[in-house]
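>>> With the input below, show me the fold.
(chains A and B)
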Amino acid sequence: MSQPLFALIDCNNFFASCEQVFRPALVGQPLVVLSSNDGCVVARSAEARALKIPMGAPAFKYKDLFKQHGVQQFSANFELYGDISRRITEILTSITPRLEVYSIDESFLDISQLDIKDYQAWAQHVRKTILQWVGVPVSIGIAPSKTLAKLASEHAKRKPELQGTLVLLDEEVRDSYLRALPIEEIWGIGWRLGPRLRSIGIATAYDIAKLSPVQGRKLIGSVHGERMVRELNSQTCYPLESLGSEQKMISASRTFGNDTDQSSVVESALANFIARASQKLRVSNRAATRVAIYVTTDRHKPGYRTWSKEVILDQPTADTGTLISVANQMFAELYEPGVQYHRAMSLISGFVSDTQLQTDLLGFRDVPTFDRSKQRMAAVDSIHGRYGRQTLYYGTEKLATSWQPRKSIRSPRYTTSWDELPRVIIKA
Amino acid sequence: MDEQQLEEQGVSIHAGFPNAAVGSHAKTLNLTKLLVKHPAATYLMQLDNNAWARYGLFEGDLVVVDRAIMPKPRDLSIWTDGDEFVISVRKDIPEQSPIWGVVSSVIHQFRK
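I've put the predicted structure just below:
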C-alpha cells in the first residue's frame, strides 16, 4: 500500500451551523446550543464565541449576557444534527470510500488514491459542494499524517485569508506553521503537559518535531510521544480506521429533568440507552461482552455520591432484552431508597464480531442461544425500520418518561419528521 | 394418486410456461429514485397557503427542494427573506436575495 494522504473535513461550529441552515436570518448572529437539559453550552456560532462565551459554560450564569446581546438559545436537536452529518458523510463517501467518520462533525479521507492535480483547488471544491448542498461551512486540512491534517484544518478554520482550506505538503510551509503553533494547542498535548515541556524550552510544535523519536517517548510519554514526533514530521503513524473498528464502546448518559428517588425512572432511562446502543451493535454485526452502569446524585448538592458497577457477560450478546435485564439487575443491587438520583449512564463495550461467534468451533460459547436471539432481534429491527424505532419496546423502556430532557427551545426536526418540515410561503 | 385426485384434494398442479420472473431480478418502480436525484442535497418543505391554487399548487403540498442543481431563469426556486422560505420563479427573485434551492417537484396527495 502506498503512503496515505489525509484530508480532514471538519465542520465549523457544527450544531450552531445546522440551526442556521433552516434559520437563515440567524447567520452572522450570536447563537448557542445548550445540552439536552439546557444546562450548558455545547456549541457556539462564531459571533457567540466572539462574546467570550466559553464552551461548556453553564447557561444560567450567562443569562444576562444572552439577554444583553440577543444571543439565540437552542436545545440540542440531535436528530437534526445526525441527519445533516449523515448527508455530509454521503457526499464524502461518493468522493472516496476510504473514509473514517471520526466524530459527528469530523471525517478523515485518505485521498492518496485519487487523481488530484491541485490539492488546494480540490479542497476548495469539496468545501463549496458541502456548503451548497448541505449549507454547513467546513474547514479542510490536507497532510500526510492525521496530526498534521488536524493542525491544518484548525489553521484553516481560524485564518479567514485561508478560505477554509490548508495543504501541508511542502516542508517549508509545514515548518512555518509548526513554528507558529504553541504546544498547548497540539492534539494530544493539552494544558497538562504544556507547562512541563515549556520549562525545558519546548514551546512550539516545531520544537517537538525536532526531537528524536526516543526523546518524544521520554518527554511526552511512551508510544504516543514517539508517534507525535513522527506525525509532525509527515510520517504516518495513525492509519485510517474503518467504521467498525473505530468505536470501542457505546455510552449514553442523561441528567434527569428533576432529581428522582424512583428506581423505575432510573431503570427506564437505562433501558432506553441500552435499547439504542444494542440496535447500533446489531447494525454493525457486533455483540458486547461488558455492560457498565454509573449513577450519581447532584454534584452541586451536599452529600454528592456516585455508584458504578460493571459485569462481564458469559455470552457476548446484542440482545436488547438480555442487556436491559443485566443493567437493571446491576442497578437493583446498588439502589438505595430515598437517594435523589441526578444522572445515569450506561456503557457497553468488549465488542466481538457476531460472525466470529458463529464460527466458534471450540464450543466456548452457546452458539444456538445466540443465534435464536439474533433472529428475534432481526425481527425487532425490521419492525423498527418499517414503523419507526419506538413501535416495539421492552416494558421498562416506557415505565417512566420524566427523565427525558425538557425540549423547551428545541428547533423543529426539519429533515426527519413529517410534522416538522419547514414551511414555504408564496409572496404574491 | 394421480393428478385428478390431487386436484380434488385442493392441491394445484403447475405446468406449462415457467414464471418469467423467477430467477430474474424483481424490478419495482421506485418513486424516491424518480423524485430525488441528489439524496444528500434534497430537502422537503410544505407549502403554506393556497395563493397559487390556480397553478395547481395547494396548501400542504410537499415541495421537493434540490440544492445540488443550479437554477435556470424559469425554474421554481426557494429563496430566503429573513427567516422565511419563499417560493418564486427564479427570474422573479429579487437580485440580492440568497437562493436556498431549486424546486424539482411538488407532490400533491389527494388522499393521505
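>>> which residue ranges form the helices in chain B?
B:3-8, B:31-35 (DSSP state H).
>>> The shortest one - contacts with which helices or strands?
Right, helix B:31-35. Applying 3 or more Cβ pairs under 8 Å, 6 or more residues apart in numbering or on different chains; DSSP states H and E, we find helix B:31-35 packed against strand B:99-107. Bear in mind the C-beta positions are built from the backbone N, C-alpha and C, glycine included.
>>> Please identify the buried residues of the strand it packs on?
Of the residues in strand B:99-107, B:I99, B:W100, B:G101, B:V102, B:V103, B:S104, B:V106 count as buried by neighbour count, 16 or more other Cβ atoms under 10 Å in any protein chain shown.
>>> which parts of chain B sit against chain A?
When proximity is defined by Cβ under 8 Å from any Cβ of the partner chain, chain B lies next to chain A at B:38-41, B:43-49, B:51-52, B:57, B:62-63, B:67-68, B:78, B:80-88, B:98, B:100.
>>> weakest of the helices of chain B in terms of mean pLDDT?
Here the helices of chain B differ in mean pLDDT, and the lowest is helix B:3-8 at a mean of 53.
>>> and A:L169, how many neighbours?
Per other Cβ atoms under 10 Å in any protein chain shown, the neighbour tally for A:L169 reads 15.
>>> again, but for the one 10 residues further on
Neighbourhood size, A:R179 [other Cβ under 10 Å]: 13.
>>> Which residue, other than its chain neighbours, is closest to residue 87?
In the absence of a named chain, chain A is used. B:A40 (4.4 Å; Cβ to Cβ, 6 or more residues apart in numbering or on different chains).
>>> actually chain B
Sequence neighbours aside, A:V424 is the residue nearest to B:I87 in space, at 5.1 Å (criterion: Cβ to Cβ, 6+ apart).
>>> would you say the one you found is within a helix?
No - assigned with DSSP: H, G, I helix; E, B strand; the rest coil, A:V424 falls outside any helix and is strand.
>>> Counting neighbours, which bits of stretch B:65-82 end up buried?
Neighbour-count burial for stretch B:65-82 [16+ other Cβ under 10 Å]: B:V65, B:D66, B:R67, B:A68, B:P71, B:D75, B:L76, B:S77, B:I78, B:W79, B:T80, B:D81.
>>> what's the spacing between that stretch and its chain's center?
Stretch B:65-82 has its C-alpha centroid displaced from the chain centroid by 18 Å (Cα atoms, centre = their mean, to the nearest Å).
>>> swap in stretch B:98-112?
So, by Cα atoms, centre = their mean, the centroid of stretch B:98-112 is 9 Å from its chain's centroid.
>>> The residues of chain B next to chain A in strands, which ones?
B:43-47, B:62-63, B:78, B:80-81, B:84-88, B:100 (DSSP state E).
>>> Show me just the buried residues among those.
For those, a neighbour count by 16+ other Cβ under 10 Å gives the buried set as B:43-47, B:62-63, B:78, B:80-81, B:85-88, B:100.
>>> So what would you say the end-to-end distance of stretch A:64-72 is?
One end of stretch A:64-72 to the other measures 12 Å (Cα to Cα, to the nearest Å).
>>> any residues touching that stretch, and which ones?
Outside stretch A:64-72, the residues that touch it by Cβ atoms under 8 Å, 6 or more residues apart in numbering or on different chains are A:L26, A:Q29, A:P30, A:L31, A:V32, A:A48, A:L51, A:I53, A:A59, A:Y62, A:Q73.
>>> Tabulate the residues you listed (a markdown table), appending distance to A:E185 and pLDDT.
Shown next, in a markdown table, are these (distance: Cβ to Cβ, whole Å; pLDDT from 0 to 100):
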| residue | distance to A:E185 | pLDDT |
| --- | --- | --- |
| A:L26 | 29 | 95 |
| A:Q29 | 28 | 95 |
| A:P30 | 24 | 96 |
| A:L31 | 25 | 96 |
| A:V32 | 23 | 95 |
| A:A48 | 21 | 95 |
| A:L51 | 22 | 95 |
| A:I53 | 20 | 92 |
| A:A59 | 27 | 86 |
| A:Y62 | 25 | 91 |
| A:Q73 | 29 | 94 |
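>>> overlap between those and the residues near chain B?
Among those, proximity to chain B is found for A:L26 (Cβ under 8 Å from any Cβ).
>>> name the helices or strands packed onto the strand or helix carrying A:I91?
Element membership for A:I91, per DSSP states H and E: helix A:78-95. The helices and strands touching helix A:78-95, judged by 3+ Cβ pairs under 8 Å, 6+ apart, are strand A:6-11, helix A:14-22, strand A:99-103, strand A:106-110, helix A:119-133.
>>> can you rerun that using 7 Å?
For helix A:78-95, the elements it packs on are helix A:14-22, strand A:99-103, strand A:106-110, helix A:119-133, judged by 3 or more Cβ pairs under 7 Å, 6 or more residues apart in numbering or on different chains; DSSP states H and E.
>>> Of the ones you listed, flag the one that's most buried.
When those are scored by mean count of other Cβ atoms under 10 Å in any protein chain shown, the highest mean neighbour count falls to helix A:14-22 (a mean of 24).
>>> who touches the helix or strand just after that one?
Downstream of helix A:14-22, the next assigned helix or strand under DSSP H and E is strand A:31-34. The contact list for strand A:31-34, computed with Cβ atoms under 7 Å, 6 or more residues apart in numbering or on different chains, reads A:15-16, A:19, A:40-45, A:48, A:53, A:59, A:71-76.
>>> gap between strand A:31-34 and the chain center?
Remark: strand A:31-34 is offset 17 Å from the chain centroid, using Cα atoms, centre = their mean.
>>> Name the strands paired with it and say parallel or antiparallel.
Next to strand A:31-34 in the sheet, as set by DSSP bridges, lie strand A:41-44 (antiparallel), strand A:72-75 (parallel).
>>> buried ones in the first one?
Put plainly, it is strand A:41-44. A:V41, A:V42, A:A43, A:R44.
>>> and the last one, what is it in contact with?
Under the criterion of Cβ under 7 Å, 6+ apart, the contact list for A:R44 reads A:N13, A:A16, A:V32, A:I53, A:M55.
>>> Hmm, the fourth one is touching A:Y62, no?
Yes - when contacts are counted by Cβ atoms under 7 Å, A:I53 is listed as touching A:Y62 (5.9 Å).
>>> that older thread, can you lay out the contacts of stretch A:64-72 as TSV showing neighbour count?
Below are the contacts of stretch A:64-72 laid out as TSV (neighbours: other Cβ atoms under 10 Å in any protein chain shown):
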residue	neighbour count
A:L26	18
A:Q29	17
A:P30	22
A:L31	25
A:V32	27
A:A48	26
A:L51	16
A:I53	22
A:A59	17
A:Y62	22
A:Q73	18
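>>> Sort out which one of the contacts of stretch A:64-72 lies nearest chain B for me.
A:L26 (7.5 Å; Cβ to the nearest Cβ).
>>> Find the nearest non-adjacent residue to that closest one, please.
Closest to A:L26 by Cβ to Cβ, 6+ apart is A:Q20, at 5.1 Å.
>>> how much space is there between the one you found and chain B?
11 Å (Cβ to the nearest Cβ, to the nearest Å).
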